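In: Below is the sequence, then the predicted model.
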Amino acid sequence: MQKIAVSLPRRLLSSARRAVREGRASNVSAYVASALEEKSKLEELGLLLEEMLAETGGPLSASERRRADVALGVQKPRSKGLRKRAR
């Protein structure tokens, strides 16, 4: 493990110290290391997503996204403005 010195905004340092007090991290260094690890993973996932999109023709259009959301149950189908007539 390497030791370095970093400057942090007061708000972030307070958050790290609170995490240590609450037992969510063993010390401030561990908290910062964990945060850097998560940031690194997110960046790697972002690069992977860019590669996948490039291989599959790019991001979904708005209408493709709506259809996918409906198919996955994330969004309800849009009403087509048709009303049932009373008999």
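Out: Yes, it's here.
In: give me the low-pLDDT residue ranges for this structure?
Out: For the chain, applying pLDDT under 70 flags the ranges 80-87.
In: Which parts of it are helices?
Out: 10-21, 28-56, 62-71 (DSSP state H).
In: out of the ones you listed, nearest to Met1?
Out: helix 28-56 (8.6 Å; Cβ to Cβ). (Each C-beta comes from the backbone N, C-alpha and C, glycine too.)
In: and the closest one, which residues are buried?
Out: 31-32 (16 or more other Cβ atoms under 10 Å).
In: follow-up on the earlier one: compare the helices of the chain and give me the one nearest Ile4.
Out: helix 28-56 (9.6 Å).
In: Report the angle between that closest one and helix 10-21.
Out: 110 degrees (axes from the mean of the first three to the mean of the last three Cα atoms, to 10 degrees).
In: gap between helix 28-56 and the chain center?
Out: 10 Å (Cα atoms, centre = their mean, to the nearest Å).
In: which strands and helices sit next to that helix?
Out: helix 10-21 (3 or more Cβ pairs under 8 Å, 6 or more residues apart in numbering; DSSP states H and E).
In: what sits up against the helix it packs on?
Out: Residues from elsewhere that reach helix 10-21 (Cβ atoms under 8 Å, 6 or more residues apart in numbering): 8, 25-28, 31-32.
In: State the distance from Lys76 to Arg67.
Out: 12 Å (Cβ to Cβ, to the nearest Å).
In: now Gln75
Out: 9 Å.
In: What of Arg18?
Out: 44 Å.
In: Could you do Glu43 as well?
Out: 30 Å.
In: one step back: Lys76 and Arg67: which has the busier surroundings?
Out: Taking other Cβ atoms under 10 Å, Lys76 and Arg67 do not tie; Arg67 has more neighbours (14 against 8).
In: Let me know the distance separating that one from Arg78.
Out: 10 Å.
In: isn't Pro59 right up against Leu53?
Out: Yes: assessed by Cβ atoms under 8 Å, Pro59 is found in contact with Leu53 at 5.6 Å.
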